[in-house]
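Engineer: next comes the sequence, and after it the predicted model I'd like to discuss.
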Number of protein chains: 2
Amino acid sequence: MGESIRLVDLIQTRIDGFLDERTSILLSIGNDLGALDSFSREFLSGGKRFRALFCYWGWQSVHGTGNGAHSAVQNADERTLDTVVAAASALELFHAAALVHDDIIDKSDTRRGAPSGHRRFERLHQENGWVGDSAEFGGAAAILLGDLLLGWSDELLDEGLDQIADVSIRRAARAEYNLMRMEVTAGQYLDILEERAWNTQPESELLARAERVIVYKSAKYSVEAPLVIGATLAGATVGQLESLREFGLPLGIAYQLRDDLLGVFGDADVTGKPSGDDLREGKRTVLIGLARRSLPTGSRRLLDELLGDPSLSEQQIRMLQTTIRESGAVDSVERMIASNVERAVAAIDRAPLSERARDQLRELTTTVTRRNF
Amino acid sequence: MGESIRLVDLIQTRIDGFLDERTSILLSIGNDLGALDSFSREFLSGGKRFRALFCYWGWQSVHGTGNGAHSAVQNADERTLDTVVAAASALELFHAAALVHDDIIDKSDTRRGAPSGHRRFERLHQENGWVGDSAEFGGAAAILLGDLLLGWSDELLDEGLDQIADVSIRRAARAEYNLMRMEVTAGQYLDILEERAWNTQPESELLARAERVIVYKSAKYSVEAPLVIGATLAGATVGQLESLREFGLPLGIAYQLRDDLLGVFGDADVTGKPSGDDLREGKRTVLIGLARRSLPTGSRRLLDELLGDPSLSEQQIRMLQTTIRESGAVDSVERMIASNVERAVAAIDRAPLSERARDQLRELTTTVTRRNF
């Protein structure tokens, strides 16, 4: 993954340079805006750079088609490379914004093992001895930080697109980005709705509803859209885009199913979130949907009662983990992951892309669904 | 103001058409997204259309320069008109997004006399008998509604800009919009900061800090930026832009000072918010800064203690109103409004704009600072 590592550096440099320019404007308004500057930077250093990598490999898989270049980062026309790096960086800015808002919504205290946005502002309030409620200030300031990052993601995308002479490519990439932005917001809404509204839905529809959340909140957003945006920038054909979608969607589903397992069984060291976090939040995932289907009425009722209780003890978490595992739901989810990965790989095998690009996409498939990086 | 009235119709039609397209995508994902559709529409029907009008009149003041057209809406090239209508409509979408987030931040129950965004979602939760806390769902869903509207404002702006052949105009308008978006978010942050951090700032700086909030949160955002964006679309010269800024900034300050008076003394029928709302919210406005300067220590301390208490009684509100009025602060604010209006009018008098445009801007000055519409 040498190329991906180099790419991660390019992305970081691009984001840092962009933030330097923007936050210098902020700081010229007043030093009191320093927290918006520093928290933005902290949220945008590191992370998996997942969406950026998919954007790059979407671009690369098409860009490399005709010429079979073996070291594309070096060979690519500098301007074209900067376009995809800007777009990939914009996706990371968008993602940071989404996480800041998502953590307010989910009342998450931590993000990547460090305090979440609203918790940082809350602490700032406490440390400075300001008046009023610290948590309220934290939430309010984090809404604004997210808004700022949303606007910036957009600006950075435009910086990239402005370098493209072909209007149709520029508009197509924009349209994909806009659709992604709308769909992930809809997916987030469906996610918080499902946590509350599941009790008013027909039992038979709950699993399908959980799958819909995965598709919109995660699979399209984290994998399919970044791949397609990248490929669009390289002037992909309709056939190439279709292949990348056929690859990206099942891979994204597999990725999220893995994430759901980690949310319930994962180690805090790997996830950066407390173990069993999804249980305390009451996420109505596919895993939960499958468990509920198999559990006897008494156990299902207990699961429903405990799920979403933020004060669950370690012991209760372990009990729920055992219940879910013994229901057979974990095995079912593992089978779903495997079958989605299979679909993704099959889509690559027949894709009109270079052999090198296809190798790379296969490699990403393993990395993504293993999730140990 | 016949032209402005006709414009308001054009804006509404453009917004409705845009929302039709976007929400049909939402509804194709699921009927459960209906609330995002209907609440978006409700927030975007009516309102003062202030920012849209300034955008239009910024455009019109330059567009009409050379030809002295007397009925520009009819005469303007359809495509050019659609560009400015799209940009003006985008400003209204952005404003709706800002209000949805602002109402969460300020815990406002009402907006234009109707329930605010988070209150609507809260009610939806209650009415449907969903599980969990209704207010939490309300806040979470309203964050997402605001995010959705932010993205859409951007898309609608692009729809307008895409019709402009001149790259430099397109980029200049985008840059103004981006700067506006960043500055108003910074201004909102300074506003919520000031409510909490004023007690840790030197007494001598409080008034200047309140003035800074006005400039960024309101004056630039509500008047200067819309004017400049509109003028940029018409290909304004540097001199024309400078004049419009010299006009827009003081007018925007006067507008916000009037709004601050209404926030303390205004009638609920006019403002759509409960009387004395700013006192309960604890807004540290210029009005408050001036009052604190003049009040004897005892009264100042009492003001500081009561300000920001959400449970202030009607009687306490009336007492605070009397205290502020008797401090002479209201007269001072009225003088500031008058002097800012004077600066704005003086800027028009020497502006390199058509006589008709200048007449129109003068008329807007009165309308805006009278605020009885």
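Structural biologist: Here it is on my side, so go on. Numbering: from 1, shown residues only, chains lettered A, B, ... in the order given.
Engineer: chain center to the longest helix along chain A, what's the gap?
Structural biologist: With secondary structure taken from DSSP state H, chain A has its longest helix at helix A:167-197. In terms of C-alpha atoms, centre = their mean, to the nearest Å, the centre of helix A:167-197 is found 12 Å from the chain centre.
Engineer: repeat for stretch A:137-155
Structural biologist: 17 Å.
Engineer: quick one: average confidence on that stretch?
Structural biologist: Mean pLDDT, stretch A:137-155: 98.
Engineer: kindly report the same for stretch A:229-247.
Structural biologist: 96.
Engineer: cool, and stretch A:44-57?
Structural biologist: Rounded mean pLDDT across stretch A:44-57 is 90.
Engineer: go on, stretch A:283-302?
Structural biologist: pLDDT averaged over stretch A:283-302 gives 93.
Engineer: now check it, is it near chain B?
Structural biologist: No - Stretch A:283-302 is not in contact with chain B by C-beta under 8 Å from any C-beta of the partner chain; minimum separation 10.4 Å. All C-beta atoms are positioned from the backbone trio N, CA, C, and that covers glycine.
Engineer: also stretch A:173-191?
Structural biologist: Yes - applying C-beta under 8 Å from any C-beta, one finds stretch A:173-191 touching chain B at A:174, A:178-179, A:181-183, A:185-186, A:188-190.
Engineer: same check on stretch A:246-256?
Structural biologist: No - Stretch A:246-256 stays clear of chain B (C-beta under 8 Å from any C-beta), getting no nearer than 14.5 Å.
Engineer: can you list contacts of that stretch?
Structural biologist: Under the criterion C-beta atoms under 8 Å, 6 or more residues apart in numbering or on different chains, residues A:54, A:211, A:214-215, A:217-225, A:227-228, A:336-337, A:340-341, A:343-344, A:347-348, A:351, A:361, A:364-365, A:368-369, A:371 lie in contact with stretch A:246-256.
Engineer: just the buried members of the residues you listed?
Structural biologist: Neighbour counting over the contacts of stretch A:246-256 (16 or more other C-beta atoms under 10 Å in any protein chain shown) leaves A:54, A:211, A:214-215, A:217-225, A:227-228, A:336-337, A:340-341, A:343-344, A:347-348, A:351, A:361, A:364-365, A:368-369 as the buried ones.
Engineer: what separation do you get for the closest residue to residue A:299 other than its chain neighbours and chain B?
Structural biologist: The shortest distance from residue A:299 to any non-neighbouring residue, by C-beta to C-beta, 6 or more residues apart in numbering or on different chains, is to residue A:323 (5.9 Å). Plainly put, residue A:323 is 20 Å away from chain B if you go by C-beta to the nearest C-beta, to the nearest Å.
Engineer: same check, this time on residue A:13
Structural biologist: 21 Å.
Engineer: so for residue A:77, what's the pLDDT?
Structural biologist: pLDDT, read off for residue A:77, is 68.
Engineer: whoops, residue A:64 was the one
Structural biologist: For residue A:64, pLDDT reads 65.
Engineer: do residue A:127 as well
Structural biologist: Predicted confidence (pLDDT) for residue A:127: 97.
Engineer: now name the helix or strand holding it.
Structural biologist: Assigned by DSSP states H and E, residue A:127 belongs to helix A:117-128.
Engineer: filter the contacts of stretch A:246-256 down to the ones in helices?
Structural biologist: Per DSSP H, helices hold the following members of the contacts of stretch A:246-256: A:54, A:211, A:225, A:227-228, A:336-337, A:340-341, A:343-344, A:347-348, A:361, A:364-365, A:368-369.
Engineer: right, and the helix or strand after the helix or strand containing residue A:87?
Structural biologist: Using DSSP H and E, the element containing residue A:87 is helix A:78-105. Remark: after helix A:78-105, the chain's next helix or strand is strand A:110-111, criterion DSSP H and E.
Engineer: burial count for the single nearest residue of the stretch 251-373 of chain A relative to chain B?
Structural biologist: With C-beta to the nearest C-beta, the shortest gap between the stretch 251-373 of chain A and chain B falls at residue A:308, namely 6.7 Å. Residues near residue A:308, counting by other C-beta atoms under 10 Å in any protein chain shown, number 18.
Engineer: checking my notes, it in a strand, right?
Structural biologist: No - per DSSP: H, G, I helix; E, B strand; the rest coil, residue A:308 lies outside any strand segment and is coil.
Engineer: thinking again about what came up before, show me which of the buried ones among the contacts of stretch A:246-256 neighbour chain B.
Structural biologist: Subset of those in contact with chain B: empty, counting by C-beta under 8 Å from any C-beta.
Engineer: isn't there a helix covering residue A:130?
Structural biologist: No - with three-state DSSP as the criterion, residue A:130 is located in coil rather than a helix.
Engineer: quick revisit: dump the residues of stretch A:173-191 next to chain B into a markdown table; add neighbour count and pLDDT as well.
Structural biologist: Formatted as a markdown table, the residues of stretch A:173-191 next to chain B follow (neighbours: other C-beta atoms under 10 Å in any protein chain shown; pLDDT from 0 to 100):
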| residue | neighbour count | pLDDT |
| --- | --- | --- |
| A:174 | 20 | 97 |
| A:178 | 18 | 98 |
| A:179 | 17 | 97 |
| A:181 | 25 | 97 |
| A:182 | 22 | 97 |
| A:183 | 20 | 97 |
| A:185 | 28 | 98 |
| A:186 | 24 | 97 |
| A:188 | 26 | 97 |
| A:189 | 29 | 97 |
| A:190 | 24 | 96 |
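Engineer: would you mind writing the CA trace of stretch A:234-241 as PDB?
Structural biologist: Taking C-alpha atoms only, stretch A:234-241 is exported to PDB below (Å, rounded to 0.1, in the frame of the first residue of the first chain):
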ATOM      1  CA  ALA A 234     -10.900  10.800 -14.400                       C
ATOM      2  CA  GLY A 235     -13.600  10.900 -17.000                       C
ATOM      3  CA  ALA A 236     -15.000   7.400 -16.400                       C
ATOM      4  CA  THR A 237     -17.300   5.700 -18.900                       C
ATOM      5  CA  VAL A 238     -20.800   4.700 -18.000                       C
ATOM      6  CA  GLY A 239     -19.700   1.100 -17.900                       C
ATOM      7  CA  GLN A 240     -16.800   1.900 -15.600                       C
ATOM      8  CA  LEU A 241     -19.000   3.800 -13.200                       C
END
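Engineer: in it, which residues are buried?
Structural biologist: For stretch A:234-241, a neighbour-count test (16+ other C-beta under 10 Å) marks A:234-236, A:240-241 as buried.
Engineer: not counting sequence-adjacent ones, nearest residue to the residue nearest the centre of chain A?
Structural biologist: Nearest to the geometric centre of chain A sits residue A:222, at 4.6 Å (C-alpha atoms, centre = their mean). Closest residue to residue A:222 apart from its sequence neighbours, by C-beta to C-beta, 6+ apart: residue A:252 at 5.5 Å.
Engineer: can you get me a residue count around the closest residue to residue A:162 other than its chain neighbours?
Structural biologist: In this structure, residue A:162 finds its nearest non-sequential neighbour in residue B:171, 7.0 Å apart by C-beta to C-beta, 6+ apart. Using other C-beta under 10 Å, residue B:171 has 15 other residues around it.
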